[in-house]
Every structure is written in C-alpha cells, then in structure tokens.
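Sharing a sequence plus its predicted fold:
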Amino acid sequence: MSQDQYLHAISMAIENIDDCDLVGPRCENLIVKAEETLGFKFPRDLRQFITDFGAGAIGASEVYGVIDNNPEGAGPPDGVWMTLDARTGWPLPAEFFVLYFDGFEYYYVIDCKSSEDPPILAWIPGETKNSKEAVVSHDSFGELLEELASWIKE
C-alpha cells in the first residue's frame, strides 16, 4: 500500500512541478556516504525519493533528504544535517532520520532500523524522549508524502 501511496504522491508532485522546488537526483555514492554518516540505510521509499529528487519543497512543504556530502553548517532541507543536529540538541535516537517540520511544533521522523517500510512518528523536541512517547502520524513515508503533495493546490 505505501508503495502505491508513494507513487501517487510523486505523480501529484510531477503534475504540479512548477509548485515544487526539489534539489534533483542524488548519485548512489552520495546516498551511501549519507547512510555511512548516519549509521543506517534509508528505508525503500525514502531512498527512492532521495535518489530521484534529493530533497526540497513539494508545494509549501519542505521534505528533508540528502543535499551534498558536507552537512556541516547546512540547514533544511538537508536531512543529514538536521538529523545530526537533532541527535545532540533534542536528543534524537541514532536510528531516526528527520523528514519534515510542520512549521509549528512537530518534526516528523522515520525509524531507519525498524523495517523496510516503517511508520512516521511525530516528535516534539525537548518533550519526546523516545519512540514509545512519540505518536505515529503516518503509516509510511508514502502516506506522509501523499498528504504533503495533496496540499499543493490547497
């Protein structure tokens, strides 16, 4: 199901590409370097998104991903930088990757060591201490991306 949602989200984004600002495809070596830096492999759909689009805005929603191989001093939508920063500042457990900030309170994170198609958790820095305290916001990355893409024309 999530693969279908992922493909539907990408289709909506491509149909509205003028409303998107994506960094563009990332090469395999760059993705592997990001995975080595973070200490985990990206789940299937997230890895495909990074391969095809890197990171960036889908409508007004900024999806974090991989920008380049130098996360030092970067910022959103560089998910590698955001994740490394969150590990020391929140603290975010090492198995999570930061995907999206809602602009208010919640960061949306994915557990990259739990399964190939893990759920997305809503995380409040400073309040959420571990995955048991986090709320499942979406069943998959595909579901989150589909929701974000549906907002393009709203």
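Ah, there it is.

Tell me the pLDDT of Ile152.
What the model reports for Ile152 is a pLDDT of 85.

now do Ala34
Value for Ala34, per-residue pLDDT: 95.

By residue count, which helix of this structure is the longest?
When the chain is scanned for its longest helix (criterion: DSSP state H), the result is helix 2-15.

Show the subsequent helix or strand relative to it.
strand 20-22 (DSSP states H and E).

in the strand or helix carrying Thr51, what's buried?
Assigned by DSSP H and E, Thr51 belongs to helix 44-53. The neighbour-count check on helix 44-53 (16 or more other C-beta atoms under 10 Å) flags 44-51, 53 as buried. Quick note: C-beta positions are derived from backbone N, CA and C, even for glycine.

ok so, going back, which neighbouring elements make contact with the longest helix of the chain?
Contacts defined by 3 or more C-beta pairs under 8 Å, 6 or more residues apart in numbering; DSSP states H and E place helix 2-15 against helix 44-53, helix 141-150.

can you give me the angle the last one makes with helix 2-15?
To tie it back to what came earlier, the one meant is helix 141-150. 30 degrees (axes from the mean of the first three to the mean of the last three C-alpha atoms, to 10 degrees).

got a list of contacts for helix 141-150?
Applying C-beta atoms under 8 Å, 6 or more residues apart in numbering, the contact partners of helix 141-150 are 1-10, 12-13, 16, 43, 45-46, 49, 58-59, 61, 63, 99-100, 108, 110, 117-118, 120, 137-138.

With that, I have no additional questions.
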